[in-house]
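Trainee: Quick one, structure for this:
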Amino acid sequence: MAAYDYIIVGAGSAGCVLANRLTEDADKQVLLIETGGSDRSIFIQMPTALSIPMNTEKYAWQFETDPEPYLDERRMHCPRGKVLGGSSSINGMVYVRGHARDFDEWAEHGAEEWDYAHCLPYFKKAETWTFGGDEYRGDSGPLGTNNGNNMKNPLYKTFIEAGQQAGYDFTADYNGKQQEGFGPMHMTVKNGVRWSTANAYLRPAMKRSNLTLMTKAQVEKVLLDGKRAVGVRVLKDGKKTDIKAKGEVILSAGPVGSPHILQLSGIGNADVLKAAGIEVAHDLPGVGENLQDHLEFYFQFRCKQPITLNGQLDWFHKGLIGARWMFTRKGLGATNHFESCGFIRSKAGVEWPDLQYHFLPAAMRYDGRTAFDGHGFQVHIGHNKPRSRGRVHALSPDAADHPSILFNYLQAEEDREGFRDCVRLTREIINQPAFDDYRDGEIQPGESVQTDEEIDAFVRANVESAYHPSCSCKMGEDEMAVVNSQTRVHGMEGLRVVDSSVFPTIPNGNLNAPTIMVAERAADLIRGQGMLPPSDAEVGMDPGWKEYQRPRSPQA
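Mentor: Residues are numbered from 1 along each chain as shown. Take a look at the predicted model:
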């Protein structure tokens, strides 16, 4: 089999970006390997069907954590994309870059030139924003972003109004100058279709003769010659094949897959490898450590008026929605239904937002199940700058054996305090006058949940993953860093990791946008060409953050 200049492992949010950008050099032969198959399913392409691929074995690795000791020993669902587009083909399509200071934090953790000034140009490069470009937004990138159905349901704007009545700012574009505040939410949807990285990046690249795509093939390990990666071993159609890399092997298998493949290759903490029966090739203690994720729960309320999506969940209405989408790519089928949002600080002294709201004009679970009969609405709320850290550990040399995953959710007291703030601040917002014509009693957590102890018990039993695992191959220069600022694996040659696992810390927001940005910037690093010049765009910050939790006093 021919040798390739670049072998990319994983056709997901990062891998598809790399496949596109690296094949822009016509003299480079690129192989992209994906364990899953086609993403052509209507359930992937129709935005409103987002809960289906996430919970389908064909399209997603259905990982589970070990019993989480601070969540009543619950095993938490951790789906990851196993299809062209990876997790961008199964996610909620929410487009959030994170706060500017999140990326400055990366630089402070040793990721040189990964601060906001250096990252913003690559966010812009990736994007075509529906309202055109400016110093913050892109207008000619592959990734289409918009506001779905433009908040036609009145509850979306009511949520924004309530946030302002509670003393928070209105932010017209949380991906622009100022994240903090309440405003419209953005999604990766184009012309009514999920705009995954498979649609945005991979399909254009597949027209180039120097890209080879291999699907339904599992990479079992990276092949090493001493401290140099020279290829990969692939299992396809029951046969194992070794494929050579003339240049580099790039792992883009995600925050579970990338550290697992490194460990299967003998790269990782020597004690972890020996316990799994894997021969140590390179002792790198940080592989699989520093694992982080966002948690959230649904704050649900009954609605006085029959205007919510709960009235559209029977099979007849679902059929009408699906038929309209099939023929027009419009209507409720063309949105993820998260069309307004908020980003706030949990307390005075927190410099930038650490709580995030997704508003939904329905009361239902992420898997599509309803919680009660009647109409309701909910906000997804989570504390997004967790201090708790977990790990991904291989359990055997067999790539078919899922690794052990443990997040240690809510291990840190600061995280538990953050969720108490979530409950109390959310109640205050929803009880503003803007909701008086709609609010008809709290479903969940329930008005009886008031004390710290009651809130903690509710959260332990009901909180769910927001599906944002990351940071398990962190970038930096300390002894637990896995890759350097060039995304090269420390102590190795010809081997990089490019996906959300290299984040040093988790940003305040959904992770698809920063993952794509990382891949865009890494592509320029890999190609060895000039980097985009840093931006001097201003960052909107609350000048009173040290003294106040919000900019203004509530109006209520």
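Trainee: if I read this right, Asp452 contacts Asp421, doesn't it?
Mentor: No - between Asp452 and Asp421 there is no contact under CB atoms under 8 Å: 10.9 Å. Where C-beta positions appear, they are placed from N, C-alpha and C, glycine not excepted.
Trainee: more neighbours, the two?
Mentor: Using other CB atoms under 10 Å as the criterion, Asp452 and Asp421 rank with Asp421 on top: 20 against 11.
Trainee: Pull the contacting residues for the more buried one.
Mentor: Applying CB atoms under 8 Å, 6 or more residues apart in numbering to Asp421 gives the contacts Ser346, Lys347, Leu355, His383.
Trainee: so it sits in a strand?
Mentor: No - looking at Asp421 with DSSP: H, G, I helix; E, B strand; the rest coil, it is helix, so not inside a strand.
Trainee: what pLDDT, on average, does whatever helix or strand Val249 lives in get?
Mentor: Using DSSP states H and E, Val249 sits in strand 239-251. Strand 239-251 comes out with an average pLDDT of 97.
Trainee: What lies in contact with that strand?
Mentor: So strand 239-251 is contacted by 1, 3-10, 15, 18, 28, 31, 220, 222-223, 229-234, 257-258, 261-262, 494-499, 526 (CB under 8 Å, 6+ apart).
Trainee: Considering the contacts of Asp421, which possesses the most neighbours?
Mentor: Result: His383 is most packed of the contacts of Asp421 (other CB under 10 Å), 26 neighbours.
Trainee: re earlier: and the contacts of Asp421, which of them are in strands?
Mentor: Among the contacts of Asp421, the members found in strands (DSSP state E) are Leu355, His383.
Trainee: what two of the contacts of Asp421 have the greatest distance between them?
Mentor: For those, the farthest-apart pair by CB to CB is Lys347 and His383; their separation is 11.0 Å.
Trainee: that older thread, now the contacts of Asp421 in JSON lines, with pLDDT and distance to Ala172?
Mentor: Below are the contacts of Asp421 laid out as JSON lines (pLDDT from 0 to 100; distance: CB to CB, whole Å):
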{"residue": "Ser346", "pLDDT": "98", "distance to Ala172": "23"}
{"residue": "Lys347", "pLDDT": "98", "distance to Ala172": "25"}
{"residue": "Leu355", "pLDDT": "98", "distance to Ala172": "20"}
{"residue": "His383", "pLDDT": "98", "distance to Ala172": "25"}
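Trainee: Out of the contacts of Asp421, which is nearest to Thr188?
Mentor: Out of the contacts of Asp421, the member with the shortest distance to Thr188 (by CB to CB) is Leu355, at 22.7 Å.
Trainee: Tell me how far that closest one lies from Gln432.
Mentor: 17 Å (CB to CB, to the nearest Å).
Trainee: Ok, His393 next?
Mentor: 46 Å.
Trainee: now Thr328
Mentor: From Thr328 to Gln432 the distance is 36 Å (CB to CB).
Trainee: And the helices in the protein?
Mentor: In the chain, the segments counted as helices under DSSP state H are 15-22, 42-45, 51-54, 100-108, 116-126, 154-165, 197, 203-205, 254-264, 270-275, 315-328, 413-430, 452-462, 512-527.
Trainee: looking at those helices, which is buried most?
Mentor: Ranked by mean neighbour count, those are led by helix 197 with a mean of 33 (mean count of other CB atoms under 10 Å).
Trainee: and that one, what does it pack onto?
Mentor: helix 15-22 (3 or more CB pairs under 8 Å, 6 or more residues apart in numbering; DSSP states H and E).
Trainee: Please enumerate residues in contact with the helix it packs on?
Mentor: So helix 15-22 is contacted by 6, 8-9, 11, 28, 30, 32, 34, 84-86, 88, 126, 142, 196-198, 200-202, 204-205, 211, 213, 250, 252-253, 498-499, 516, 519-520, 522-524, 526-527 (CB under 8 Å, 6+ apart).
Trainee: repeat for stretch 157-165
Mentor: The contact list for stretch 157-165, computed with CB under 8 Å, 6+ apart, reads 151, 170, 181-184, 340, 342, 344, 357, 359, 379, 429-430, 432-435, 438, 554-556.
Trainee: can you pull the alpha-carbon coordinates of it into PDB?
Mentor: Extracted C-alpha coordinates of stretch 157-165, given in PDB (Å, rounded to 0.1, in the frame of the first residue of the first chain):
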ATOM      1  CA  LYS A 157     -37.400  36.900  23.300                       C
ATOM      2  CA  THR A 158     -39.200  36.600  26.600                       C
ATOM      3  CA  PHE A 159     -36.200  34.800  28.000                       C
ATOM      4  CA  ILE A 160     -33.900  37.600  26.800                       C
ATOM      5  CA  GLU A 161     -36.200  40.300  28.200                       C
ATOM      6  CA  ALA A 162     -36.300  38.500  31.600                       C
ATOM      7  CA  GLY A 163     -32.500  38.400  31.700                       C
ATOM      8  CA  GLN A 164     -32.400  42.200  31.200                       C
ATOM      9  CA  GLN A 165     -35.100  42.700  33.800                       C
END
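Trainee: Could you list the buried residues of stretch 523-540?
Mentor: In terms of neighbour count (16 or more other CB atoms under 10 Å), stretch 523-540 has its buried residues at Ala523, Leu525, Ile526, Ser535, Ala537, Val539.
Trainee: Farthest-apart pair in those, please.
Mentor: Farthest pair in the buried residues of stretch 523-540, by CB to CB: Ile526 and Val539, 28.5 Å.
Trainee: okay but Ile516 is in contact with Ala126, surely?
Mentor: Yes - counting by CB under 8 Å, Ala126 is a contact partner of Ile516 at 5.1 Å.
Trainee: Common neighbours of those two, please.
Mentor: Val17, Leu143.
Trainee: Share the number of residues neighbouring the nearest residue to Ala107 once chain neighbours are set aside, please.
Mentor: Nearest residue to Ala107 in three dimensions, chain neighbours excluded: Asp115, at 3.9 Å (CB to CB, 6 or more residues apart in numbering). When neighbours are counted by other CB under 10 Å, Asp115 registers 19.
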